[in-house]
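Peer 1: my questions are about this predicted structure, shown below with the sequence.
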Amino acid sequence: MKRKVALAQMDIQLGLPEANYQKTARAIKAAADHHADIIVLPEMWNTGYALNKLKDIADNNGQKTQQFLSKLALENKINIVGGSVAIRRGTSFYNTSYIYDQTGQLIGTYDKVHLFGLMDENQYLKAGVKESHFALAGIPSASFICYDLRFPEWVRTTARHGADILYFPAEWPSSRIKQWKIMLQSRAIENQAFVVAVNRVGTDLDNDFNGHSLVIDPLGNIISDAGEEERVSYAEVDLEKLAEVRGPIPVFKDRRPELYH
Ligand SMILES: O=C(O)CCC(=O)C(=O)O
């Protein structure tokens with residue numbers, strides 16, 4: 001089984017949701033025109049890291065984003081891993097992913113679990129507490145957000161329930177892009193899964209972002225690197241490869257969880 005994935009490596013307008021919704025809609029339509037099965041968006045694509053403005057610009061209960069993604073998924077017959085958006089739920093703010101299938105049904109949500117102190121997320125946001133599991137385009141999958149990448153124990157905790165594709169939407173600064181690549185390759189190898197990771201480009205007040213959205217196979221080979229420009233990039237994942245990798249080296253079967261503390 002093969003699937004074409006589209007990676008929306010976008011610039012994000014800081015604190016300007018309207019402009020970002022419009023750009024995101026254009027990226028989703030472009031991916032559908034290229035006959036992609038799945039499109040993946042970056043982290044916090046509605047607001048960027050305008051954390052001190054969340055009271056005014058966060059999406060209330062994620063309602064606008066949910067209607068927007070559902071409509072675009074159905075109209076364009078495309079599956080959407082909705083990166084993440086800043087939302088308000090009750091009196092708190094979250095960094096939240098919504099995942100839609102191509103009929104416009106919400107099939108998964110995820111609140112970022114590890115908040116990134118260096119970007120002050122812990123001062124403004126509440127952390128999630130749950131794993132994300134969903135079957136998208138017929139593929140058991142899981143999603144994380146950016147800094148979650150630095151916690152292999154969390155990725156493993158999720159992946160051990162079965163995930164053929166691990167999604168990592170992000171706003172990962174250029175200064176640490178070497179670490180991004182190495183850790184994404186590691187998560188692919190150790191979990192014997194494809195990794196689809198979408199980073200933004202452009203700048204905000206504190207950071208510069210140079211893309212390098214990646215698709216990585218279960219052996220850690222980079223299948224596609226979107227480079228440093230704003231673009232929607234495409235790659236094909238061949239799920240047959242999973243059995244070839246998992247058969248001879250069955251790491252999930254060989255785990256010794258009784259020794260891990
Ligand atoms: O871990 C890093 O270096 C980057 C993390 C990050 O930028 C984020 O979680 O938003």
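Peer 2: Received, thanks. Residues are numbered from 1 along each chain as shown.
Peer 1: tally of neighbours for the residue nearest to Val5 when sequence neighbours are not counted?
Peer 2: Distances taken as Cβ to Cβ, 6 or more residues apart in numbering place Ile38 nearest to Val5, at 4.8 Å, with adjacent residues excluded. C-betas here are computed from N, CA, C, even on glycine. One way to gauge burial is a neighbour count; for Ile38, by other Cβ atoms under 10 Å, it gives 25.
Peer 1: list the residues that contact Ile38.
Peer 2: Neighbour list for Ile38: 3-6, 78-81, 136-137, 196 [criterion: Cβ atoms under 8 Å, 6 or more residues apart in numbering].
Peer 1: what residues does this protein put near the ligand?
Peer 2: By Cβ under 6 Å from any ligand atom, the part of the chain that sits against the ligand consists of 116, 119, 146-147, 150, 171-172, 176.
Peer 1: among the residues you listed, name the buried ones.
Peer 2: Buried positions within those, assessed by neighbour count (16 or more other Cβ atoms under 10 Å), are 116, 119, 146-147, 171-172.
Peer 1: please enumerate the helices of the chain.
Peer 2: 17-33, 54-57, 63-76, 121-124, 152-159, 177-191, 241-246, 251-254 (DSSP state H).
Peer 1: quick one: mean pLDDT over the last one.
Peer 2: To tie it back to what came earlier, the one meant is helix 251-254. Rounded to a whole number, the mean pLDDT of helix 251-254 is 96.
Peer 1: quick one: contacts for the closest residue to Arg156 other than its chain neighbours?
Peer 2: In space, and not counting its chain neighbours, Arg156 is closest to Asn191: 6.6 Å by Cβ to Cβ, 6+ apart. When the contact criterion is Cβ under 8 Å, 6+ apart, the partners of Asn191 are 155-156, 159, 163, 166, 218.
Peer 1: before we move on, what about Leu106?
Peer 2: 66, 70, 98-100.
Peer 1: of those, which is the most crowded?
Peer 2: Comparing those on neighbour count, Tyr100 comes out first with 26 neighbours (neighbours: other Cβ under 10 Å).
Peer 1: for that residue, give the beta-bridge partners.
Peer 2: Counting by DSSP bridges, Tyr100 forms beta bridges with Ile80, Leu106.
Peer 1: isn't it right up against Asn76?
Peer 2: No. The pair formed by Tyr100 and Asn76 falls short of the contact definition of Cβ atoms under 8 Å, at 10.6 Å.
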